[in-house]
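Visitor: Sequence and predicted structure are below.
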Amino acid sequence: MLVVQIKPEEEILPKISSKRLFIFECLGCQEVYFPTEDVEKFIDNLKEEIVGKASLDYLCNREFVKEYIERYSKQIKKAQILLVFSCGVGVQIVSSLLEDKIVYTCCDTLYLNGFQGLTVQEFNCDQCGECYLNYTGGICPIAQCPKHLLNGPCGGSQNGKCEVDPDIPCVWQQIVDRLAKLGRLDKLEELVTPRNWSVSLISEPPVKRFP
Amino acid sequence: MSLIDYTKFRLKPAEEVRGTFKQINRIFILSCAKCYKIFEEENEEEYTHLLDILGEDHKKIVGHAMIDFLCNNFLSEKRILNLDLSNCDSVGVISCGLGVQFVAKLLEGKPVYTLADSVQQSGNSTTEIGYHGISLEEEKCAGCSQCYLNLTGGICPITNCAKGLLNGPCGGATDGKCEVNSSFDCAWVKIHERLKKRGEKFTLESVQIRDYSRPSLKLKSDLSLQNQTLRGEGFYGGLHPLEKKGKTADKKIESFPEPKIAVIFLSQHAGRRAEPSVRLGDKVKVGQKIGEADGFISSPIHSSISGKVISIEERIHPAFQRKDLAIIIENDGGNKFDPLIQPYKDFENLPKETLLEIIRERGIVGLGGAMFPTHVKLSPPKKIDTLIVNGCECEPYLNGDNRIMIQHPKEIFVGIRIIQGILGVERVFVAVEDNKLEAITTLNKFLDKSSSVEIVSLKTKYPQGAEKVLIKRILDREVPSKGLPLDVGVVVSNVGTVFAIYQAVVEGIPLFQRVITVSGENLARPGNYWVKIGTPFKDIIEYCFDKKGGGFLEEYELKMGGPIMGISQTSLDSSVIKGTTGFIVLRKPPVKVSEERDCIKCGRCVEVCPMQLYPLYYSLYGRKGEPGKAIKYNVEDCMECRCCESVCSSKISLLSFIKQEKEYACSSNKA
């Protein structure tokens, strides 16, 4: 789940000072998390001339953005800088559609656990391409162990807590507990072939299946 | 338009799967129905493939369930726990790593095997994964929390450079292609070209040292928690739209000027249309009955002004948006009241039947918008033990109910006593969302502490005011599929209706006026008004917006009700009816997104549906022209809150498909 935060003012204001602005504001994931009110406050406080503003759902959808660009073509032409409030995907879409315009983003993007799925939750999946969960009782050491250890605990955990961050549980401790509960601790003695890191490192480009 | 298939997993290599099957005897297979791909049909590709691989071993499979959005832990938990897993010794999961981890935790006592590998989405060799947005474009974002795009012309080197370089090209690119994988463009070449086009230059001075400690774990966990709390608050699904109530929240209810001509529709309630009881040329007084209820589920109509009936003709009905019969009355300015309007002094001692008769005769219907005749609601065929008075008003902009609670708390409590008497219930809850603090404080001030009435403040979230949601939230009772609140012993009544009951019973006043909020964008006089039923929308616009009606509908969208569930108006000759909660004027979106796009299974409709339905199937079958199939996805339980439609990332008019399906379901039920 991608969420955005407004960049620090000192990072963005010098770039746009006394320029004519056109603003793109994404409303798409606002239901998930988008600081719509902060964005409005930020815009209200700008001293620069704003020649137009487009607020739309799903700035990550190229077709929608195209239609808005067409509608606001005059204002966009007048603007010296296009200011975008959205996640990194939206910014890239706008800049790719208006290649000769200077496009600046006002936001930093981060993702929350469970992003590649639909709901924020405690689990995460690194999409490593070679699922390890069969060896580890369904708890992922790749996504959840700060050291990404695959061959057992590092030995540094105390009272079941991680030595890197005592707020998080030691994933290997959880794995052992889960397997013990299942009566399958022998799983840990199985020899596992070395990982094929090339699966995750250089994978096929995503398939374009719908021309 | 080219869209990318972002399916997150594929079946593990055949040998590995066979190896897993050697270890087990009886397995139950759960497969995720995938997400972020064009949704054309229900397919069980992976499962069929699995059967092919297994050969004889497929006999070890004792059951299979396809689950949409397996990682949606709330809905999936319900569905998985409903499955009969007693017969198996292990569970196999075909999904991305999220689904597997979730199932493994949920079924902790059972071995859970993954039969799939997740598919990498970044397509390069960086350590950062690129995440796509909601739609299926090529651009990806690593969510690195220190966006670099301002320096690199809007092309991300983190997700696009195979080496993740941030300070310029590595020098290994040939003809603009990456040396790591020549099927990729060199991101830095693209960056330089883009910057040149923009008249900018990449300067090393502008590069700062990256802070790899960002995003902090603390921030991420705080945001996750905030997100989960907001999402799960009170009930599953729902939205947090911007409230925009500030404009009218503090405005006292004023009387709206009387209309010169009133257009009073004969159908202002659920059920049969009222029969006109006046004729052309008749003189009528305020509160005089002009339409007679036609049957049990029907309601009489009263004149809201004094004057002369100048026509009985068809006008565009604001709720149905088709022509319907209305009585047109010309105001004589006399404001003479019908002599039959007399207060009932001893209403406390009236028998239940008389009270119901008064409520019926005074034309009281549900004022929350549905307009169900109140006398019918208050004569339930089943035993009722709880009354919920609904003061949630969860739609943005609206404040009518809020103001009634602030200005007429005493009357509301009298109204509650009357309903308690009719229904014979003790327990009463008045539900108010916590964004209406003044209303909550006022009600508490006038609350008779010895009574069994309780004011409950609920966390604000749309659609809190939907009756099934309220019942679940307050009483933790679930109204059965296709059922009504009375099936679980509850009557839910809008706070405005309670006030109307007070007026009808105590003051003898029929329902010829109501409180509406007029708000929205660019208005001169937003406010809460007592408006006569039959006041044409034209009058409201002229009064509140300082604008003549001409050309108005091209520029603005007019909604009767709130901005989410409200009904878009096509004629200013339509008029206020009993179900008009508000009148919201919004600027039309500058761009009308021309065509609906394919459903891409982003799953947001499922995530927001408070009835826990799967709206994407309604559009799938609707578009395919296969009515009837949606019934298995409980389309009849949809309460048309429009949450799904308002978040749809492909802008599909889900509600129109839902209505079609509901009609089909209704007619096939009858058949």
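Guide: Now that the structure is in, tell me what you want to look at.
Visitor: Please list the residues of the stretch 201-350 of chain B that sit near chain A.
Guide: Applying CB under 8 Å from any CB of the partner chain, we find that the stretch 201-350 of chain B lies next to chain A at B:214-215, B:217, B:219-221, B:223-224, B:226-228, B:231, B:239-240, B:242. Where C-beta positions appear, they are placed from N, C-alpha and C, glycine not excepted.
Visitor: Only the buried subset of those residues, as a PyMOL command please.
Guide: Buried subset of those, written as a PyMOL selection, criterion 16 or more other CB atoms under 10 Å in any protein chain shown:
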select buried, chain B and resi 215+220+223+224+227+228+231+239+240
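Visitor: how about low-confidence regions in chain A?
Guide: The model of chain A has pLDDT under 70 over residues A:1, A:30-34, A:114-120, A:196-211.
Visitor: need the strands for it, in chain order.
Guide: Ranges of strands within chain A are A:2-6, A:21-26, A:50-56, A:81-85, A:102-105, A:107-111, A:208-210, based on DSSP state E.
Visitor: returning to what we had before: just checking, which of the residues of the stretch 201-350 of chain B next to chain A belong to helices?
Guide: Those of these mapping onto helices are B:Leu217, B:Leu219, B:Lys220, B:Ser221, B:Leu223, B:Ser224, B:Gln226, B:Asn227, B:Gln228, B:Arg231, per DSSP state H.
Visitor: Can I take it that B:Leu486 is in a helix?
Guide: Yes: when DSSP: H, G, I helix; E, B strand; the rest coil is applied, B:Leu486 is found to be in a helix.
Visitor: give the contact list for it.
Guide: For B:Leu486, the contact set (CB atoms under 8 Å, 6 or more residues apart in numbering or on different chains) comprises B:Pro380, B:Pro381, B:Lys382, B:Ile384.
Visitor: Chain neighbours aside, what residue packs nearest to A:Trp172?
Guide: Once flanking residues are discounted, A:Trp172 sits nearest to A:Pro153: 3.6 Å by CB to CB, 6 or more residues apart in numbering or on different chains.
Visitor: Dump the ones in helices among the residues of the stretch 201-350 of chain B next to chain A to JSON lines, plus pLDDT.
Guide: Formatted as JSON lines, these follow (pLDDT from 0 to 100):
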{"residue": "B:Leu217", "pLDDT": "72"}
{"residue": "B:Leu219", "pLDDT": "79"}
{"residue": "B:Lys220", "pLDDT": "77"}
{"residue": "B:Ser221", "pLDDT": "77"}
{"residue": "B:Leu223", "pLDDT": "81"}
{"residue": "B:Ser224", "pLDDT": "79"}
{"residue": "B:Gln226", "pLDDT": "81"}
{"residue": "B:Asn227", "pLDDT": "78"}
{"residue": "B:Gln228", "pLDDT": "78"}
{"residue": "B:Arg231", "pLDDT": "78"}
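Visitor: buried sites along stretch B:190-203?
Guide: Buried residues in stretch B:190-203, defined by neighbour count with 16+ other CB under 10 Å: B:Lys190, B:Ile191, B:His192, B:Arg194, B:Leu195, B:Arg198, B:Phe202.
Visitor: Oops, could you answer that again for stretch B:300-316 instead?
Guide: B:Pro300, B:Ile301, B:His302, B:Ser303, B:Ser304, B:Ile305, B:Ser306, B:Gly307, B:Val309, B:Ile312, B:Arg315, B:Ile316.
Visitor: Stretch A:51-69 too?
Guide: So for stretch A:51-69, counting by 16+ other CB under 10 Å, buried means A:51-65, A:67-69.
Visitor: before we move on, what about stretch B:580-592?
Guide: Quick answer for stretch B:580-592 (16+ other CB under 10 Å): B:Thr580, B:Thr581, B:Gly582, B:Phe583, B:Ile584, B:Val585, B:Leu586, B:Val591.
Visitor: Stretch B:37-52 now?
Guide: B:Lys37, B:Ile38, B:Phe39, B:Glu46, B:Tyr47, B:Leu50.
Visitor: Same check on stretch B:239-255?
Guide: B:Leu239, B:His240, B:Pro241, B:Glu243, B:Lys244, B:Lys245, B:Lys247, B:Thr248, B:Ala249, B:Lys251, B:Ile253.
Visitor: any residues touching it, and which ones?
Guide: Residues outside stretch B:239-255 that contact it (CB under 8 Å, 6+ apart): A:31, A:36-37, B:230, B:396-400, B:402-404, B:407, B:435-436, B:438, B:460-463, B:515, B:517-519, B:526-530, B:563-564, B:608, B:643, B:646-647.
Visitor: quick one: average pLDDT of it?
Guide: The pLDDT scores in stretch B:239-255 average 91.
Visitor: try stretch B:203-214
Guide: Per-residue pLDDT over stretch B:203-214 has a mean of 73.
Visitor: Then stretch B:304-313?
Guide: Taken as a whole, stretch B:304-313 has a mean pLDDT of 96.
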